[in-house]
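# coordinates only, no sequence provided:
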């Protein structure tokens with residue numbers, strides 16, 4: 001496992017980040033602990049969770065496991081997404097973000113969060129308030145680095161400008177969705193991140209398992225049971241892209257899951273893709289991605305298996 005700089009922060013994180021959305025649901029506590037132990041043993045020092053993953057159980061499981069390892073782990077969690085049915089239990093207001101962080105700190109059994117993502121764009125809250133709330137949390141030592149997830153390029157740049165104009169702790173990291181069938185990030189988000197030296201930690205590099213071949217093997221997953229994921233990956237062309245990719249991976253003698261992850265990792269703007277697992281076997285498969293050599297011509301060959309999104313100007317190069 002190699003370690004890479006997290007944008008301009010000077011912090012070094014493992015080239016793969018352990019995602020924990022399965023913890024407390026698809027992976028029970030025993031399985032979750034085994035996954036964390038294996039990842040940590042393999043050199044993964046970057047863990048990603050969220051306050052809403054399985055109603056906070058993911059954070060609680062991490063908190064019970066972390067203990068004396070805390071200073072060895074770069075820990076990311078999130079705020080903004082609804083945490084209950086109350087009218088103020090959602091959004092990026094100072095109130096909700098502050099309360100969310102306090103609850104996350106208790107569940108994680110830690111004094112600080114390394115990276116706090118605003119999980120979603122909040123159209124009802126002015127950016128100045130959200131960025132000022134993050135800055136206050138930085139000054140209090142409760143979070144170290146502000147970040148955003150699922151933001152468009154223009155939204156991220158607006159946040160950067162607010163921070164610069166008001167001399168606030170600035171956005172350091174972004175978390176877009178990115179994989180072989182979901183390539184929209186290539187159009188503006190990834191170039192923007194390179195231009196502003198932001199760390200990029202993409203989620204869903206295997207397309208919710210679509211690119212792993214699990215569904216072709218008759219296995220089940222989120223695309224079978226989760227309506228949001230069914231809609232997200234409902235394009236009728238995606239299964240065909242998946243089949244072509246899996247055939248390509250097999251011809252190379254590679255695990256499709258690992259190759260899909262290696263393709264994302266190989267993009268020059270990407271810092272550390274997020275890998276999720278239900279068990280240690282899935283994790284071990286994903287970890288082999290760091291051993292895959294992907295020269296430019298091979299990345300281009302894989303890229304050619306799916307439609308390339310048009311340029312932001314929607315014109316030929």
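Perfect, I can see it now. The shown structure was predicted, so the numbers you read here are calculated from the model rather than taken from an experiment.
# any idea how far residue 239 is from residue 211?
Applying Cβ to Cβ, to the nearest Å, the value for residue 239 to residue 211 is 11 Å. Heads up, the C-betas are built off the backbone N, CA and C, glycines and all.
# what do you get for residue 245?
For residue 245, the distance to residue 211 equals 6 Å [Cβ to Cβ].
# quick check: residue 54 touching residue 28?
No: the pair residue 54 and residue 28 fails to qualify as a contact (Cβ atoms under 8 Å) at a distance of 10.7 Å.
# compare those two (neighbour count), which wins?
Neighbours of residue 54 and residue 28, each counted by other Cβ atoms under 10 Å, are more numerous for residue 54; the result is 19 against 15.
# just the helices in the stretch 1-150 of the chain please.
Defined through DSSP state H, counting those that start in this stretch, the helices belonging to the stretch 1-150 of the chain, from first to last, are 29-41, 57-66, 94-108, 127-139.
# will you turn these into JSON lines that also has mean pLDDT, mean neighbour count and distance to residue 224?
Below are these laid out as JSON lines (pLDDT from 0 to 100; neighbours: other Cβ atoms under 10 Å; distance: least, Cβ to Cβ, whole Å):
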{"stretch": "helix 29-41", "mean pLDDT": "98", "mean neighbour count": "17", "distance to residue 224": "20"}
{"stretch": "helix 57-66", "mean pLDDT": "98", "mean neighbour count": "22", "distance to residue 224": "21"}
{"stretch": "helix 94-108", "mean pLDDT": "98", "mean neighbour count": "19", "distance to residue 224": "29"}
{"stretch": "helix 127-139", "mean pLDDT": "98", "mean neighbour count": "20", "distance to residue 224": "36"}
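# could those helices go into a markdown table alongside distance to residue 264?
As requested, the helices of the stretch 1-150 of the chain are arranged in a markdown table below (distance: least, Cβ to Cβ, whole Å):
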| stretch | distance to residue 264 |
| --- | --- |
| helix 29-41 | 18 |
| helix 57-66 | 22 |
| helix 94-108 | 27 |
| helix 127-139 | 27 |
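# residue 315 falls within a helix, correct?
No: secondary structure assignment places residue 315 outside any helix; it is coil (DSSP: H, G, I helix; E, B strand; the rest coil).
# measure it to residue 309 for me?
When Cβ to Cβ is the yardstick, residue 315 and residue 309 sit 13 Å from each other.
# the two: which is more packed in?
The residue with the greater number of neighbours, taking residue 315 and residue 309 and applying other Cβ under 10 Å, is residue 309; the counts read 14 against 7.
# please report phi then psi for the more buried one.
The phi/psi pair for residue 309 (degrees, to the nearest 10) reads phi -70, psi 150.
# contacts for stretch 225-243?
Applying Cβ atoms under 8 Å, 6 or more residues apart in numbering, the contact partners of stretch 225-243 are 180-181, 207-208, 210-211, 213, 215-216, 222-223, 305-307.
# rerun that using 6 Å as the cut-off
Around stretch 225-243, the neighbours that count as contacts under Cβ atoms under 6 Å, 6 or more residues apart in numbering are 181, 208, 210-211, 222-223, 306.
# cool, thanks, talk later.
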